[in-house]
Every structure is written in structure tokens, then in C-alpha cells.
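Q: Below are the sequence and a predicted model for it; my questions follow.
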Amino acid sequence: DAGVIQSPRHEVTEMGQEVTLRCKPISGHNSLFWYRQTMMRGLELLIYFNNNVPIDDSGMPEDRFSAKMPNASFSTLKIQPSEPRDSAVYFCASTLGLEGEKLFFGSGTQLSVL
Amino acid sequence: RKEVEQDPGPFNVPEGATVAFNCTYSNSASQSFFWYRQDCRKEPKLLMSVYSSGNEDGRFTAQLNRASQYISLLIRDSKLSDSATYLCVAHTGGFKTIFGAGTRLFVKA
């Protein structure tokens, strides 16, 4: 069982650059979530997908953020242009999508925007 | 107001102590509730589900009070390895899963 796989583990970039975070959910899971975690704001839900369709993106902070899920095994979260306040740990999680099912998290991407 | 609110702590307790964490949720439509544990620099992992009847898993007991929109976690006989951040979670219809900011626990020898 490979679990949820995120890449890269660490990303350091300069303000204004485009950043793309990647996630491979657990095979067979049909719901995928992107979260952002900071000390100040905790774990914030950015967007979630069910069967590759975005269901709720109300947590996406600005138009600079976009997420896609072109197929059941891959999702991206893109920030363009990046800003220092985007620095955080970004987690991807997946679940079977049934009511009450637990989330399985990836190891996260530590993003630092200088 | 945040949808899920927790006391951030930190709670500093000696080994063997009993400690309780509380959590409130604002959306009365929330259907399912959980406690997750997050170790430093790691991803959150499910600790236990929370049911209206209350449930127990070893030294851990979780309770749900729907009328008060309140969730609790009790840890008995604390171990050093219990040191972590405990996240309260509410799951609303449509799979939306909201986490509280977490309560930090330090168990000291």
C-alpha cells in the first residue's frame, strides 16, 4: 500500500514564481482534498474533488490558486504568482468518499516563498 | 467564527495523568466527527471516530453531545508517546471535512 504520494517534499521559490504541487491519491479512492497548514491558521481546507470533479473550492484563498484533477490518480495545486504569505505546508488527502470515512494524508509539501 | 474550535493549549501534564480536550462545532448539519493526531512535522492520522453513544479505545474515550454541538477526548494514564497535537474534525454532508486548529499536548516524565 503506497499511500498518498505528494511531491515535492520541499519547495523553495522566489516571490512571483509559479509553483505546482502534485498528489497521487490511494488507488480506488474517489475523493481528494487539498489542505494548507500554518501555525496561525491551522489546517485549512482549500478544495476537494469527488470523482475528479471539484465540489467545493470556497477555501481557495485567491485567484492565484488553482487545482485540477485530470484523472483519478493525479491532482495538482498551482500557485501563480506565488507570494511569501503562501509559505505553508500543503497536504493532500484521499478517501473512499463514503460518509464517515477517514482521510488518508500524504506527507505534505513544505513550501517556502522568499 | 470558525466552524470547528478547539482550545489550542498547550497542555503540559505528567506521565500517568488524565487529560481532556474539548471541541465545539458551529454547523448543526455536521454528520460525522473524528479525532486525529498529528506528530511534529508529520501528517495527521486518524485516532478515533466519535459517536453519540460515546466510544472508547484503550486509554482514549471520545464523546459527542449534539445538543450542545460539543465533542470531547479523554486520555487516561498519559504516556510520553501521547505528546502530539490533537485535531478535532467535523464532517458535513458532501464529504466536506473541517479540522479544528488543534490542541497541543506535552506529557512529561
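A: Noted; the coordinates are in hand.
Q: Tell me the residues of chain B that contact chain A?
A: Where proximity means CB under 8 Å from any CB of the partner chain, the interface of chain B facing chain A comprises B:31-32, B:34, B:42-46, B:49, B:87, B:91, B:93-102. For the C-beta atoms, the positions are set from N, CA and C on the backbone; glycine is no exception.
Q: Quick check on those residues: which are buried?
A: With neighbours counted by 16 or more other CB atoms under 10 Å in any protein chain shown, the residues of chain B next to chain A contain buried members at B:32, B:34, B:43-44, B:46, B:49, B:87, B:91, B:95-102.
Q: Among those, which ones are in strands?
A: Among these, the members found in strands (DSSP state E) are B:S32, B:F34, B:L46, B:S49, B:L87, B:H91, B:T97, B:I98, B:F99.
Q: How much space separates the last one from B:A109?
A: Translated: B:F99. Noted for B:F99: a distance of 30 Å to B:A109, by CB to CB, to the nearest Å.
Q: Which other helices and strands does the least confident helix or strand in chain B by mean pLDDT contact?
A: Ranked by mean pLDDT, DSSP states H and E, the weakest helix or strand in chain B is strand B:97-99, scoring a mean of 89. Packing contacts for strand B:97-99, counted by 3 or more CB pairs under 8 Å, 6 or more residues apart in numbering or on different chains; DSSP states H and E, involve strand A:42-50, strand B:84-91.
Q: Sheet partners, orientation included, of that strand?
A: Strand B:97-99 pairs in its sheet with strand B:84-91 (antiparallel), by DSSP bridges.
Q: Run the angle between the strand it pairs with and strand B:45-50 for me.
A: Using axes from the mean of the first three to the mean of the last three CA atoms, to 10 degrees, the interaxial angle of strand B:84-91 with respect to strand B:45-50 works out to 50 degrees.
Q: which residues are in contact with strand B:84-91?
A: The contact list for strand B:84-91 (CB atoms under 8 Å, 6 or more residues apart in numbering or on different chains) reads A:43, A:99-100, B:3-4, B:6, B:21, B:23, B:25, B:27, B:30-40, B:44, B:47, B:71, B:73, B:97-105.
Q: Can I get the buried part of those residues as one PyMOL selection?
A: Buried residues among the contacts of strand B:84-91 (16+ other CB under 10 Å), as a PyMOL selection:
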select buried, (chain A and resi 43) or (chain B and resi 3+4+6+21+23+25+30+32+33+34+35+36+37+38+44+47+71+73+97+98+99+100+101+102+103+104+105)
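Q: Any residues of chain A in contact with chain B? List them.
A: The interface of chain A toward chain B, taken as CB under 8 Å from any CB, is made up of A:31, A:33, A:35, A:41-43, A:45, A:48, A:50, A:55-56, A:91, A:95, A:97, A:99-100, A:102-103, A:105-108.
Q: And those, which of them are buried?
A: By the neighbour-count criterion of 16+ other CB under 10 Å, the residues of chain A next to chain B include these buried positions: A:31, A:33, A:35, A:42-43, A:45, A:48, A:50, A:56, A:91, A:95, A:97, A:102-103, A:105-108.
Q: Just the residues of chain A next to chain B: which are in strands?
A: Counting by DSSP E, the residues of chain A next to chain B contribute A:31, A:33, A:35, A:42-43, A:45, A:48, A:50, A:55-56, A:91, A:95, A:105 to strands.
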